[in-house]
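Engineer: starting from these lines, generate the structure:
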Amino acid sequence: MLVRHSLAKCNLLFSPGKSPIFSSLSSLKFCKTSVSAARAEDDTVNSYHPSNLEDTVSQILAYLKRVHPKTIVESCYSRDLFSSLSISQVDQIIEKLGVEKSELVVVFFNLLRNDYGFCHSRPSVFVVSHVLAERKRMKELRTVLMQMVEQEGSGSAQSLCELLWNCFRGCESTNLVWDMLAFTYSRSEMVHDALYVIAKMKDFDMLPTIPTYNSLLYNMRHTDQVWSIYYEIKSIGSSQSDYTNSILVDGLCRQSRLEDALSVFQENERGYMEEALGFTNDMERDGVGPDVVTYNIIAKGYHLLGLMSGAWETIRKMLSKGINPDSITYTMLVCGYCQTGNIKEAFKLQEEMLSKGFQLNTVSYGVLISSLCKIGQVSEALRLLYEMESIGLKPDIVTYSILIHGFCRTGEVQRAIQLYKEMSLKKIIPNSYAQSAILLGLCNKGMISEARTYFDSLTEREFPVDIILFNIMINKYAKLGCIGEAIQLYTRIFEKGISPSIVTFNSLIYGFCRIRKLEEAKRWLYHIEAHGMLPSVVTYTTLMNAYSVEENIDSMIELLLEMKIKGVEPSHITYTVLIKGLSKRLRLQECIQLLDHMYVSGISPDQITYNTLIQCFCKAQNLSKAFQLHDEMSLHNLQPTPVTYNVLINGLCVYGDLKDADRLLNILQERKVILRKVAYTTLIKAHCVKGSTDKAKSLFCQMRETGFEISVRDYSAVINRLCKRGLIIEAKEFFRMMIFDGISPDKEICAVMVEASNQGGDITFLCLMLCLMIKLGLLPDQSYC
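Structural biologist: Residues are numbered from 1 along each chain as shown. Here you go, the predicted model:
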């Protein structure tokens with residue numbers, strides 16, 4: 001029988017006065033008024049009216065077993081009869097019915113709960129739960145347990161599990177009850193209780209079902225624990241559903257772990273591809289030749305996985321069978337090439353399609369336009385838009401939005417606005433993607449007034465507005481140090497009924513850090529938690545960077561420890577900021593220890609990390625260690641950047657031997673290493689200071705020949721240093737070079753040359769300089785006249 005054996009072990013629970021579970025419970029209190037009998041029942045029913053309360057339980061049991069369930073529910077006599085029951089009496093009745101008359105126990109349980117508002121005890125709930133589980137009435141089982149879980153609240157899992165195990169482990173359906181209990185805890189967002197139940201189930205060799213795991217996975221999808229739940233599903237051999245994989249991918253995307261999300265997606269899709277390929281092989285073996293539709297499906301699968309070689313192999317196989325590709329085949333290949341960045345091949349296919357009489361569809365044009373925008377060829381993308389319209393295709397909001405975003409990325413905001421207006425005239429309602437692109441474009445161009453006007457025009461309408469628009473404006477104000485305006489917009493977010501995101505808070509924290517109000521910035525950590533969010537690694541790194549500027553190492557370490565406690569993993573940028581802060585205090589050994597700790601923790605430093613360390617050791621005049629770190633970069637497959645060499649050259653110029661700096665430049669030139677202009681200007685200035693004017697002039701000429709744009713500032717830096725060393729003739733030579741290059745001198749450089757000529761007594765050159773200044777509109781100081 002259903003619960004007979006398990007209830008036999010639970011007699012104490014169901015015997016009034018003996019069980020500690022019931023010892024604190026008083027008589028039943030109904031939430032509804034009891035009802036007197038309005039009319040007499042038939043003789044059979046009346047004969048069971050209890051005349052003595054001591055016999056209530058046995059007489060009610062006899063009554064329940066004798067009459068029809070419908071009579072029990074509808075009878076006013078039943079209401080009068082049940083109103084005298086206590087909790088212990090109800091438990092005894094449910095125990096007996098669960099063993100002898102299980103079909104009645106649910107009727108009796110629901111009648112007391114629904115009609116009288118009776119709060120059943122835990123044992124009674126579990127008796128009824130096992131009855132429902134035995135009969136596979138899963139929806140009712142879930143309702144019963146959900147009500148109990150919500151009534152018991154968070155932290156109740158331990159005591160409920162003890163009761164279930166001690167008294168019901170002999171029931172055949174107990175696995176279902178355990179599983180549903182874990183499920184209801186998860187659905188009620190009592191995640192820790194759900195995890196506790198699942199842990200106990202595994203201890204007792206019971207396996208949760210996939211729906212229970214899916215529910216838990218959904219609630220944990222924004223945390224790192226989503227992986228452990230997923231791996232647990234795989235480890236127990238359960239066959240996860242498509243929903244399982246979708247939850248995991250969604251969770252990883254929400255955590256900005258896009259590579260992990262793509263990996264999961266591709267892993268599952270490959271499995272489906274193998275099945276599909278196996279099916280086509282079976283078709284051919286059975287004499288059923290795949291047609292163009294079949295091959296298109298297989299090719300699309302490869303395309304979705306980014307495996308264009310597989311897609312091409314499928315197409316070649318199709319062609320070898322004498323099957324010609326259709327427009328769907330071509331469209332898929334065009335999309336595939338675009339998505340892998342091979343735009344040239346995509347346009348070749350477009351020409352081939354047109355030559356064979358096929359016409360591109362909206363999807364093909366959209367993908368081509370998107371690909372052109374990604375590589376900055378937005379004008380060519382716009383040409384394709386007009387080509388679409390000329391052949392009768394109507395671009396949609398997505399196509400327009402991609403183009404608008406493309407123009408904004410290339411700084412052509414006015415063309416983006418023009419296209420936005422054109423779209424609106426065609427009754428295509430702009431989406432937030434297009435609106436945010438224009439707003440961001442205006443902000444990036446420094447047109448803050450125009451950006452605010454546009455922002456106000458969007459947010460003052462009755463249309464719904466998302467947080468992205470607010471984040472763009474708040475971020476711009478924060479970067480400008482206009483924290484008052486940023487806070488004002490933050491207040492408006494709530495007036496609009498929008499919830500702030502972690503990006504909102506990160507921007508505000510950055511704004512306060514920028515104006516050096518670090519304590520105020522740190523207080524925003526509490527605002528984040530008050531809105532039910534956790535500070536992100538960006539939040540902490542932003543604060544730590546501000547403390548690094550202030551050389552407040554203690555506060556940086558304190559934030560790092562807080563990150564660890566709250567489970568926020570530091571990134572390589574976090575460690576780089578820490579290294580930068582420590583290097584300012586010349587705590588070099590700790591910097592190296594942090595670098596080693598990064599590798600041990602599985603965090604890969606980048607070039608900026610090494611450049612920071614190299615600069616640190618250069619300033620400490622430990623150039624050998626600086627070059628050792630440079631060599632270490634190559635060992636870790638990190639290509640030194642132009643900044644790396646700028647730092648090393650500057651270190652040699654300032655703290656080492658200038659000849660070594662020249663040798664390093666020569667080696668880099670021989671190896672065709674790309675350098676920035678600052679590498680040359682650093683050496684030129686150093687040779688000027690030393691008085692090596694010939695070498696300075698040679699390097700200056702090299703810099704010009706390399707193709708760097710030479711400005712008046714470059715000449716000014718050299719001439720200033722030569723004049724300070726009294727090398728007036730050499731300074732005049734550089735001045736003549738500047739005039740010959742067609743670069744007009746500014747007032748500052750003219751003043752330096754006038755002062756040098758005056759002090760050197762060169763009246764002729766002084767007069768020439770004064771005439772030049774008058775010609776250029778740079779009126780000389782009265783003292784020279």
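Engineer: what about the residue nearest to residue 776 when sequence neighbours are not counted, how many neighbours?
Structural biologist: Sequence neighbours aside, residue 744 is the residue nearest to residue 776 in space, at 6.2 Å (criterion: CB to CB, 6 or more residues apart in numbering). All C-beta atoms are positioned from the backbone trio N, CA, C, and that covers glycine. Neighbours of residue 744 under the rule other CB atoms under 10 Å: 12.
Engineer: and residue 158, by the same measure?
Structural biologist: Using other CB under 10 Å, residue 158 has 12 other residues around it.
Engineer: same thing with residue 599?
Structural biologist: When neighbours are counted by other CB under 10 Å, residue 599 registers 11.
Engineer: for the one 10 residues further on, same thing?
Structural biologist: Neighbouring residues of residue 609 were enumerated by other CB under 10 Å; the total is 25.
Engineer: was I right to think it contacts residue 578?
Structural biologist: No - using CB atoms under 8 Å, residue 609 is not in contact with residue 578; the gap is 10.1 Å.
Engineer: re earlier: quick check: pLDDT value at the residue nearest to residue 776.
Structural biologist: Looking at residue 744, its pLDDT is 83.
Engineer: checking it next. Helix, strand or coil?
Structural biologist: coil (DSSP: H, G, I helix; E, B strand; the rest coil).
Engineer: all helices of the stretch 501-650 of the chain, in order?
Structural biologist: For the stretch 501-650 of the chain, helices defined by DSSP state H, counting those that start in this stretch occupy the ranges 502-514, 518-530, 537-549, 553-565, 572-584, 588-600, 607-619, 623-635, 642-655.
Engineer: now do the shared contacts for residue 609 and residue 578.
Structural biologist: Residues touching both residue 609 and residue 578 (CB atoms under 8 Å, 6 or more residues apart in numbering): none.
Engineer: turn the helices of the stretch 501-650 of the chain into TSV, columns for mean pLDDT.
Structural biologist: Shown next, in TSV, are the helices of the stretch 501-650 of the chain (pLDDT from 0 to 100):
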stretch	mean pLDDT
helix 502-514	92
helix 518-530	89
helix 537-549	92
helix 553-565	90
helix 572-584	90
helix 588-600	90
helix 607-619	91
helix 623-635	91
helix 642-655	90
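Engineer: take the ones you listed and write them to CSV, including distance to residue 323.
Structural biologist: Below are these laid out as CSV (distance: least, CB to CB, whole Å):
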stretch, distance to residue 323
helix 502-514, 51
helix 518-530, 59
helix 537-549, 52
helix 553-565, 59
helix 572-584, 51
helix 588-600, 54
helix 607-619, 51
helix 623-635, 51
helix 642-655, 53
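Engineer: of all those, which lies closest to residue 134?
Structural biologist: Checking the helices of the stretch 501-650 of the chain against residue 134 by CB to CB gives helix 518-530 as the closest, at 45.7 Å.
Engineer: report the angle between that closest one and helix 537-549.
Structural biologist: In terms of direction (axes from the mean of the first three to the mean of the last three CA atoms, to 10 degrees), helix 518-530 departs from helix 537-549 by 170 degrees.
Engineer: can you tell me what sits against helix 518-530?
Structural biologist: Counting contacts by CB under 8 Å, 6+ apart, the residues outside helix 518-530 that touch it are 502, 505, 508-509, 512-513, 534-535, 539, 543, 546-547, 550, 552, 555.
Engineer: do stretch 616-624 as well
Structural biologist: Under CB under 8 Å, 6+ apart, the answer for stretch 616-624 is 579, 583, 586, 588, 591, 625-626, 629, 647-648, 650-652, 654-656.
Engineer: give me the PyMOL select line for the residues you listed, limited to the buried ones.
Structural biologist: The PyMOL command for the buried members of these (criterion: 16 or more other CB atoms under 10 Å) is given here:
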select buried, resi 579+583+588+591+625+626+629+647+648+650+651+652+656
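Engineer: from the contacts of stretch 616-624, which is closest to residue 382?
Structural biologist: Closest approach between the contacts of stretch 616-624 and residue 382, by CB to CB: residue 647, at 42.6 Å.
Engineer: my understanding was that that closest one contacts residue 615; is that so?
Structural biologist: Yes - counting by CB under 8 Å, residue 615 is a contact partner of residue 647 at 4.8 Å.
Engineer: ok, now which ones touch the residue nearest to residue 372 when sequence neighbours are not counted?
Structural biologist: The shortest distance from residue 372 to any non-neighbouring residue, by CB to CB, 6+ apart, is to residue 381 (3.9 Å). The contact partners of residue 381, taken as CB under 8 Å, 6+ apart, are 368, 369, 370, 372, 373, 402, 403, 406.
Engineer: what sits against the fourth one?
Structural biologist: Residue 372 is in contact with 343, 378, 380, 381, 384, 406, counting by CB under 8 Å, 6+ apart.
Engineer: now swap in the last one and tell me
Structural biologist: Listed by CB under 8 Å, 6+ apart, the contact set of residue 406 reads 372, 373, 374, 376, 378, 381.
Engineer: in terms of helices and strands, where is the last one?
Structural biologist: Put plainly, it is residue 381. Following DSSP states H and E, one finds residue 381 within helix 378-390.
Engineer: following that helix, which helix or strand comes up?
Structural biologist: For helix 378-390, the following helix or strand on the C-terminal side (DSSP H and E) is helix 397-409.
Engineer: okay, that following helix in PDB with CA atoms only?
Structural biologist: Provided in PDB are the C-alpha atoms of helix 397-409 (Å, rounded to 0.1, in the frame of the first residue of the first chain):
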ATOM      1  CA  ILE A 397      14.300  48.900 -38.800                       C
ATOM      2  CA  VAL A 398      17.300  46.600 -38.300                       C
ATOM      3  CA  THR A 399      18.900  47.600 -41.600                       C
ATOM      4  CA  TYR A 400      18.500  51.300 -40.900                       C
ATOM      5  CA  SER A 401      19.700  50.900 -37.400                       C
ATOM      6  CA  ILE A 402      22.900  49.100 -38.500                       C
ATOM      7  CA  LEU A 403      23.600  52.000 -41.000                       C
ATOM      8  CA  ILE A 404      22.900  54.600 -38.400                       C
ATOM      9  CA  HIS A 405      25.200  52.900 -35.900                       C
ATOM     10  CA  GLY A 406      27.900  52.600 -38.700                       C
ATOM     11  CA  PHE A 407      27.800  56.300 -39.400                       C
ATOM     12  CA  CYS A 408      28.000  57.200 -35.800                       C
ATOM     13  CA  ARG A 409      31.000  54.900 -35.300                       C
END
